[in-house]
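# how would this look folded up:
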Amino acid sequence: MAGEAMAPEKLVARKGRLRQRYNNEYRLVAGCVPYRVDKDGQLEVLMVSTPSRHDLVFPKGGWEDDEDVYEAACREALEEAGVRGTINVTTLLSHIIPSFAWYSILIS
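Sure thing, here's the model as predicted:
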């Protein structure tokens, strides 16, 4: 997460799947790779744990019908990791992986 601001003051945690976007039977999700550069110039990335897995993942979750993918990524970072940041709207990598859900990984 870096670059152009995506108005984090408007972010609100949400519950339920009433507004979720779907592509056929697949739920669409959005995520990001939260990072910062420490005082020594080292890149640090933030990952979160989840009760359903035994490893760490990047924050991601449902993309809802009243937000764009960048707003959804910001909201998920706040909901899952408790961090606010800015999203670089230049997508360096977009990848769709068919599994339980389709999702794009935005790496900036």
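# where in the protein is pLDDT low?
For the chain, residues meeting the criterion pLDDT under 70 lie at 1-14, 16, 89-108.
# mind listing the helices for it?
Assigned by DSSP state H, the helices in the chain fall at 69-81.
# where along it do the strands fall?
Counting by DSSP state E, the chain has strands at residues 22-23, 26-31, 35-37, 43-45, 48-49, 56-57, 60-62, 101-104.
# Which of the ones you listed has the highest mean neighbour count?
Each of these was scored by mean neighbour count; the highest is strand 60-62, a mean of 21, by mean count of other Cβ atoms under 10 Å. From N, CA and C alone the C-beta is placed, and that goes for glycine too.
# now for it, which elements pack on it?
strand 26-31, helix 69-81 (3 or more Cβ pairs under 8 Å, 6 or more residues apart in numbering; DSSP states H and E).
# For it, report the contacting residues that lie outside it.
Strand 60-62 is contacted by residues 17, 20-21, 27-32, 72-73, 75-76, 79-80, 103 when judged by Cβ atoms under 8 Å, 6 or more residues apart in numbering.
# burial measure for Q20, as a count.
16 (other Cβ atoms under 10 Å).
# Skipping adjacent residues, who's closest to it in space?
G62 (4.8 Å; Cβ to Cβ, 6 or more residues apart in numbering).
# Equivalent analysis for E80, please.
Sequence neighbours aside, P59 is the residue nearest to E80 in space, at 4.0 Å (criterion: Cβ to Cβ, 6+ apart).
# Would you check that that neighbour makes contact with R84?
No - the criterion here is Cβ atoms under 8 Å, and P59 misses it with R84 at 11.8 Å.
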